[in-house]
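*Asks:* heads up, no residue letters with this:
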């Protein structure tokens, strides 16, 4: 048995080296999913912003060898067609909100245009085993939007993974 394990280790190491050589193609399939950033009940008279979080999940599955695999994740503007600010709607009524990359809520998560940033990361993929990464999305509805009508507001954000 120890001899077989040593051979298997050598084969895996060889796969790592081959995957890093120029001209070698490694097939990888990645997917992305997200949980909702549900804000709950917003009170324009509260005097404080309403914060929440959601999750973007990236899962990549290699078809053969192990390698360090880069990717990026971008968020769309939603229905407002602009990042500054994003808006969610209830009929003609709207509420300003924003989705952020950082917990301090200073970096708008978008597509890299304007003043937005996007996620750029890499995953060390192993032989035929899927790898999953979770990223927190930080949402905020600014306080003081006194013109907001009562009701449920909705916006749909498209999450795009590039690899």
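*Replies:* Looks like it came in fine. The model shown is predicted, which means the values in this text are computed figures rather than measured ones.
*Asks:* residue ranges with poor pLDDT in this protein?
*Replies:* The chain contains residues with pLDDT under 70 at 1-27, 64-66, 126-128.
*Asks:* any idea where the helices of it begin and end?
*Replies:* Taking DSSP state H as the test, the helices found in the chain are 2-20.
*Asks:* Please name the bridge partners of the residue nearest in space to the middle of it.
*Replies:* With distances taken as CA atoms, centre = their mean, the residue of the chain nearest its centroid is residue 56 (4.0 Å). The partner list for residue 56 in beta bridges (DSSP bridges) reads residue 34, residue 135.
*Asks:* Assess the claim that it and residue 34 are in contact.
*Replies:* Yes - using CB atoms under 8 Å, residue 56 is in contact with residue 34, at 4.9 Å. From N, CA and C alone the C-beta is placed, and that goes for glycine too.
*Asks:* Could you tell me which residues touch both of those two?
*Replies:* Counting by CB atoms under 8 Å, 6 or more residues apart in numbering, the residues touching both residue 56 and residue 34 are 137, 159.
*Asks:* on that earlier part again, show me what contacts the residue nearest to the centre of the chain?
*Replies:* Here residue 56 is in contact with 32, 33, 34, 73, 119, 134, 135, 136, 137, 159 (criterion: CB under 8 Å, 6+ apart).
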